[in-house]
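[1] Sequence and predicted structure are below.
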Amino acid sequence: MNGLSASRRLFEILDTPEPQTGREALTGDEKSVRFENVSFSYDGERTILDRFSLTVPGKGLYCPVGLSGCGKSTAAPLLPLDEPTANLDSLNEAVVLHSIREHRGERTVVLVSHRRSTLGIADSVYEMP
């Protein structure tokens, strides 16, 4: 994509009206994130997710794990922290992970990482096919 095409695309995105949001608070199990038989391909040729199903309960910190390219980031488009500690040393990684755990509050957080050390703060770990 050249600069002019990229600029046009950027302005298209900026000109897109924001969706209306509701004012009704969600309660109970409504806060969970559910994928049911989701299939996805970026290019129409290589399938990243093939009939993928998963329910992530609300109010927790969850980590999908699996080989590179298996769809971890694709499966978690709503609230992902995708490799937040990838370029940090172990000391700073620990500081960031502690902060995520401490400040997540009542939120549902999906944390994508290739590092097994990152998974230690998860309430649940999901093995991706």
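    Happy to help now that I have it. Residues are numbered from 1 along each chain as shown.
[2] buried stuff in stretch 80-93?
    Within stretch 80-93, the residues that qualify as buried are 80-81, 84-85, 93, counting by 16 or more other C-beta atoms under 10 Å. C-beta: built from backbone N, CA, C; applies to glycine.
[3] List the contacts of the residue nearest the centre of the chain.
    The residue lying closest to the centre of the chain (C-alpha atoms, centre = their mean) is Pro80, at 2.4 Å. Going by C-beta atoms under 8 Å, 6 or more residues apart in numbering, Pro80 touches 73, 110-112.
[4] And the pLDDT at it?
    What the model reports as pLDDT for Pro80 is 73.
[5] Show me the beta-bridge partners of it.
    Beta bridges link Pro80 to Val110, judged by DSSP bridges.
[6] and the gap between it and Arg51?
    Distance, Pro80 to Arg51, using C-beta to C-beta, to the nearest Å: 21 Å.
[7] same question, Val110
    20 Å.
[8] Relative to Arg9, how far out is the residue nearest to the centre of the chain?
    Separation of Pro80 from Arg9 (C-beta to C-beta): 22 Å.
[9] One more: Val38?
    Counting by C-beta to C-beta, the separation of Val38 from Arg9 is 25 Å.
[10] Which one of the two is surrounded by more residues?
    Ranked by neighbour count (other C-beta atoms under 10 Å), Val38 and Arg9 place Val38 first, with 16 against 11.
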